[in-house]
Every structure is written in structure tokens, then in C-alpha cells.
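Undergrad: Everything below, folded, please.
(2 chains)
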Amino acid sequence: MVVKVKNVVKRYDEKIALDHFNMEVREGEILGLLGPNGCGKTTAINCILSLLKFDKGEVQVFGRKMTPNSYDMKRQIGLVPQEVSVFENLTVKENIDYFCGLYIDDKNTRKKYAEEAIEFVGLKDYVKFYPKKLSGGLKRRLNIACGIVHKPKLIFLDEPTVAVDAQSRNFILEGIKKLNQEGSTIIYTTHYLEEAEMLCSRIVIMDNGKDIASGTIEELKAMITTSEKIVIRFINIEDEVINAMYRIPHVIDIERNGEDFIIKFENGINNLSNLLNFIAEHNLTYIKLYSQLPTLNDVFLELTGKELRD
Amino acid sequence: MNIIRNCIYQGKNLFRDFSFLFWAMLYPIIIAFFFNLAFSGMMNRNFEDIQVGIEEDNNVLPILEEIDFVKIHRITEDEIEEKLENDEIDAFIDGDLNLTVKKSGINQTIIKEVVEQIKQTVKLNRPIDGSEFSVRYVADKNQESNSIVIIFYSLIAMVSTYGVFAGIETASLMQANLSNIGLRINATPLKKQNFLIAGVIVSLLLNLLANTGLLLFINYVLKIHLFTNITYSLIFILLGNLLGVILGIFIGVSNKKSANVKTAIAISTTLFLSFLSGMMGPWIKAMVEKYVPFLSRINPISVITNNLYRVNLLGSTKSVGEGIAVLLIYSMVLLIGSYVFLRRKSYDSI
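TA: Down below sits the predicted model:
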């Protein structure tokens, strides 16, 4: 286990930021820490890195207790903070070289790593730029480069795609996959569902400082009762017919979303076929119909009673 | 990461910071320029001989006669009041070497220093004739020297403490609860003390560079020649720099106010202390010394101002020891205070 967090409690006066929080990160995976803004994701990272004191619990990194003086462990860790954290009066190249130098003593290795990091984040044309001259997306890339330049074994990426354009976002996500393929274990916090689904091998869902569920995406989806959703738009349908739909096998709920109906099915087979039979029996006409597998939002909704919207 | 590498990058970061460049480098030069503009009329008054009244039988009469900027008036005890009242003499020296004056000013201060030196020589049982009274109380008779130069000494004292800005910046960069970079740096294997040492070195060097700029401007552009005792002047400017940087670190680490608030605290503190030390006019300094002389001895900028004034203008080094001690004590106290805040490794909140 690369990181093990056990029953960590962190309070800010009366407010509880982490409430008996647990998390395990395995070597070589991308673990997504998914939850709404303010749920405690950044606090969890800061506690793991021993930047924040916590009231209770235990944190182990690489099998050892993490302390502020664990310099040898820090050498193997990279942090990409949520806020862009670079020197405003150093150029792109100087920033990357400075942070690389905090980990790597050998001059030639440092130079090689800095060049690779610049290439990796696509900032080759901007090496002499000061951060204030960069766009939001490019600043984010610089922020990432400063955190990964030393090729760490374990990387914390705290919402690295917040407020970036689509192009930079894809660039960043592809880069993270590449880092993982090169052997880094990654802890990735986000409140973007599709990023977590696309990127993470396992996910810990957080809400109000608690880990409310964890597992692979399939494991998480298996935790909820809804296994399939069918969205349909009818031309004229009466309430009686809608109520009759509850008699279709495995239907557990029907929601109206504007002109669309979302019919939810629990585990079962032939759900679409059963629905089509019902439509034929009642001579109904529809103009739209498609089937959806449950999303992480459904998981979050069922587990917390609220939606985690992008 | 070695300290030198940290110094280079911290130095680049600080030197390219506009606010540092303005406050440490440009602002003092602008102030000096306007002071010169405002006071140039007074500055251009040539130094005149000091008129000293003394009785014919006073033992120190031959000594005073040897000092070329002292003009002796042989008078009787009955004439003292009248001569002082009519400004015919600046001071009267009696047989016990007590000084009688009617007002305070640079002439009175200089003659007081001369008498003090004679008294010390007598106490040490050294022959008065062997004393070195040719000491240059004033650099040159043609030196544009008067009490207005106090303003410039006070300005130099103030800007010597302007390492306070660099100190604040260093403190902010190394604390995870004060800046984003601080958070990142605390997650790296860089030891805090290495960052701090590099920050102090860089702050001192850059502020000394800024001070040099100001001194060159005063000397070569404004053509005001303030320094005759380079060694002690450098010591006090260096100590002012050290105190400023440590004060900045203390202001930086002791609270979670924004960078702007901290800069405002630094500016108002140094400006107020400079005001008391006579930067806005020597009469303020005279008032402080008359009514609350203790304040003048503990105000670090006054300490620097007074000593620069004494060692350069009066040629007196008698308060140098006390001045150095006061500045070192302040630095030590602030350093210990800063350490208390800096030693914590994890934070309650970020």
C-alpha cells in the first residue's frame, strides 16, 4: 500500500473537515478522490502530506508514518496544489529548474528532467515567459510541471483542471495517464465526474469529510439499486399509462425531466425489450428513446441524496 | 538544494519584484530628492565659527584657542547673560567645564562634545595638552553642514531598515499557511532553515545594494557629503539592515494578515520611528530628546541616526557601543520571536 489513511479526524474549531476518513492507495493506480467543493479533499491531501495537523487517526506513506521531517519520503512525492503555486518573478524555465533542484542534486540530471518536464507539459515555446504572461491553462501546465519534474513515485494532483480551457484540460488528462503509465502512483482529486470516470482506476467518494464509498467504477455502480435508465419522450401520454409502467418488470422509479421520462430499472435483463412491448401494447408513440447505464452521479445521488454536478 | 542555489533564485525573484524595487530602491531616492529640494536653501548656509564665551583664567582656554572653528570671547561672569541673549556667543564654559547655553543647535552640540572630550581626558588623568583636539568635528569648514543633515542621516537610517520588505516576502514564501508557494515548498524536502538563511542573505545583499544606490545619489547627485567615519557608518547601516530583515521576518510570520497589510505595518512602523528620529525635521528630534530622551535611546532608527550624526559630524564615538548593543538586542529579541512562530512544522489551518 502506497498510502494508508485510517480514521483521520480534522476539525477547524467547531467545523469537522475530515470525519473518520479512510483511504487506501495501491501502487501503480490512479486513485480518484471525488466529491463536491468543500467536502474535504484538499484537507485530506494536506493531512496525508503532514502539512496540516489532524486531531485523530493515522497516516502512512510508503508504509511509514508521515511527519513534517520525513525528507526522504518527500523526495519521492510530487504535489500539484489546487492553486497555481509558482514564483511570479521567475520564468517558466527558472520555476521548473528551481523546484527540480529541491529534489535533484546532480546538475546534468536536473537539466535533463527540466527539459523533459517542459516538453511533457508543452511549454517549450514559453520557457522565457513569466507566469503572469501565461493563460490560465498554460499556468496550470506550469503548475503541474513544477510538481512532477523530479519524476516522483507518488503524485498528488489537487483539481488540476479547474478553470482551464478544453484543450489544456485534455492535454493535462492525457499527461496524467502518461505519468501513470511511466510508473507513478497518482492521487487525483476532482469534482468532475467524467474526469474521474475517464482517468481513475479506483475512486473514493467523499462527502462532508467522510469516505462514503470506494472501489472501481464498476464496483461503485454495483452498489446502487439502479442498474439501467431509459430516457423516453412520448407524444401525448396520460398519467394512468405512466402509472401502469410501474408494472413493467424491474422498474423502480419514473422521473419526469421536462418532456422526457427517465425510467429506472433495478438489476434485470431485457429491460428495453420489456418497455418496447409495453409501448406496443398501449399504442404509444415516442420520438426519442435511449438507454443509459448508471453514472457516478447516480452513485453519488443514491449514496448521499444529492447530485454531484459538473 | 544548496543555499547558494536558493540565494540565486530567491534573489532573482525578489530583485524582479516591482514593489521591492520601488520601496527599497526608488522611494528613498525620491524622498532624498524632495528633501534636498525643500531644504536646499538651509543646506547651502556655510558653516560658521562657534562663538564661545570663557573667563580669562579658565584652564581650558589654551586648548580651545587651538581649535580652529572655535572663536573665543573672553568675558566676565556678569556678561554671560547679555552675550547669550544677544547671540554674541553660542555657549559659555565655566571653570568646572559646565556649559551655559540659551538655545539648542548644532553649534551648542559641537561645543558640548568638545567639552565632554576634555572632561574625559581629565578623568583619565591624561595631560590635556596631549589630547587630539584637532579631531574633525566637521568634515570641512566649507562643508554644507547644519542640523538639516540630520534629516538625511535619518533617511539613511530608515532605508537601512527597509530589508523589512524582503524579510516579509521571505517569511511569506516559506510558510504553508501564508502563501501557495509556501504550501508547495513545505511539501518538498527543502529544510525551512535553508530557505530562511538564503532569504536573509538575499534580503541583506539586495537592501545593501539599494542603500548603496541611495548613498551614491546623495553623494554624487545631490552633492551632500555625509560620511567621514566610514567604518562606524557601515557598521550601523549593516546593523540597520539586519534589524530590518529580522523585523520583516517577524512581521511576516507572526500573523496571517495579507501581504499588503504586512507591508503597510512595515512602512508605518519605520516611518513613525523615522519621524521621531527627526526625518521630518530636526526640531522633532530635539523635542523628543528634551521631553522623552529615553525614547530616543530605544528607538532603533534614532539610534542609527544619532550615531551616524555623531561619528560623522561630531567625530564622537562615545555612544557607538550602546547603539550597537541596542540594535543587536532588538535583532535578537525579534529573531527569537520569529523562531517561536517558525519552529512549527505542521499547521492548524492552511
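Undergrad: what does the stretch 201-350 of chain B put close to chain A?
TA: B:Lys345, B:Ser346, B:Tyr347, B:Asp348, B:Ser349, B:Ile350 (CB under 8 Å from any CB of the partner chain). The C-beta positions use only the backbone N, C-alpha and C, and glycine is treated the same way.
Undergrad: which residues does the third one bridge with?
TA: The residues paired with B:Tyr347 through beta bridges, assigned by DSSP bridges, are A:Leu52.
Undergrad: Tell me which residues touch it, please.
TA: By CB atoms under 8 Å, 6 or more residues apart in numbering or on different chains, the contact list for B:Tyr347 reads A:Leu51, A:Leu52, A:Lys53, B:Ala176, B:Asn177.
Undergrad: ok, now how distant is the second one from A:Leu33?
TA: Here A:Leu52 is placed at a distance of 15 Å from A:Leu33 (CB to CB, to the nearest Å).
Undergrad: about what we covered before: now, of the contacts of B:Tyr347, which are buried?
TA: Buried members of those, counted by 16 or more other CB atoms under 10 Å in any protein chain shown: A:Leu51, A:Leu52, B:Ala176, B:Asn177.
Undergrad: How about the backbone phi and psi for the first one?
TA: This means A:Leu51. A:Leu51 adopts backbone torsions of phi -80, psi -30, taken as degrees, to the nearest 10.
Undergrad: Just the pLDDT for it.
TA: In this model, A:Leu51 is scored at 95, pLDDT.
Undergrad: Likewise for B:Arg5?
TA: 94.
Undergrad: Check which helix or strand it maps to.
TA: Secondary structure assignment for B:Arg5, by DSSP states H and E: helix B:3-15.
Undergrad: quick one: contacts of that helix?
TA: A:87-90, A:94, A:98, A:101, B:20-21, B:166, B:169-170, B:173, B:190, B:194-195, B:197-199, B:201-203, B:205-206.
Undergrad: Filter those down to the buried ones, ChimeraX style.
TA: Applied in ChimeraX, the following selects the buried portion of those according to 16+ other CB under 10 Å:
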select /A:87,89,90,94,98,101 /B:20,166,169,170,173,190,194,195,198,199,201,202,203,205,206
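Undergrad: Just the ones of the contacts of helix B:3-15 in helices?
TA: A:94, A:98, A:101, B:20, B:166, B:169-170, B:173, B:194-195, B:197-199, B:201-203, B:205-206 (DSSP state H).
Undergrad: Not counting its neighbours along the chain, what's nearest residue 217?
TA: Looking at chain A here, since you left the chain open. The shortest distance from A:Ile217 to any residue other than its chain neighbours is 6.0 Å, reached at A:Glu197 (CB to CB, 6 or more residues apart in numbering or on different chains).
Undergrad: that's the other chain; I wanted chain B
TA: B:Ile29 (5.1 Å).
Undergrad: wait, what's in contact with the closest residue to chain B within chain A?
TA: Closest contact between chain A and chain B, by CB to the nearest CB, is at A:Pro68 (3.3 Å). Neighbouring residues of A:Pro68 by CB under 8 Å, 6+ apart: A:Ser50, A:Leu51, B:Asn186, B:Lys345, B:Ser346.
Undergrad: The second one and B:Gly182 touch, don't they?
TA: No - counting by CB atoms under 8 Å, A:Leu51 does not reach B:Gly182; the two are 9.6 Å apart.
Undergrad: Output stretch B:53-69 as PDB, nothing but the C-alphas.
TA: Coordinates of each C-alpha in stretch B:53-69 appear next as PDB, following Å, rounded to 0.1, in the frame of the first residue of the first chain:
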ATOM      1  CA  GLY B  53      32.400  82.700  26.000                       C
ATOM      2  CA  ILE B  54      35.000  81.900  28.600                       C
ATOM      3  CA  GLU B  55      36.700  83.600  31.500                       C
ATOM      4  CA  GLU B  56      40.300  84.700  31.200                       C
ATOM      5  CA  ASP B  57      41.500  82.400  34.000                       C
ATOM      6  CA  ASN B  58      39.800  79.200  32.700                       C
ATOM      7  CA  ASN B  59      42.300  76.300  32.400                       C
ATOM      8  CA  VAL B  60      40.900  75.100  29.100                       C
ATOM      9  CA  LEU B  61      41.300  78.400  27.400                       C
ATOM     10  CA  PRO B  62      44.600  77.500  25.700                       C
ATOM     11  CA  ILE B  63      43.100  74.300  24.500                       C
ATOM     12  CA  LEU B  64      40.000  75.900  23.000                       C
ATOM     13  CA  GLU B  65      42.200  78.500  21.300                       C
ATOM     14  CA  GLU B  66      43.900  75.700  19.400                       C
ATOM     15  CA  ILE B  67      40.600  74.600  17.800                       C
ATOM     16  CA  ASP B  68      40.300  76.500  14.600                       C
ATOM     17  CA  PHE B  69      36.500  76.500  14.300                       C
END
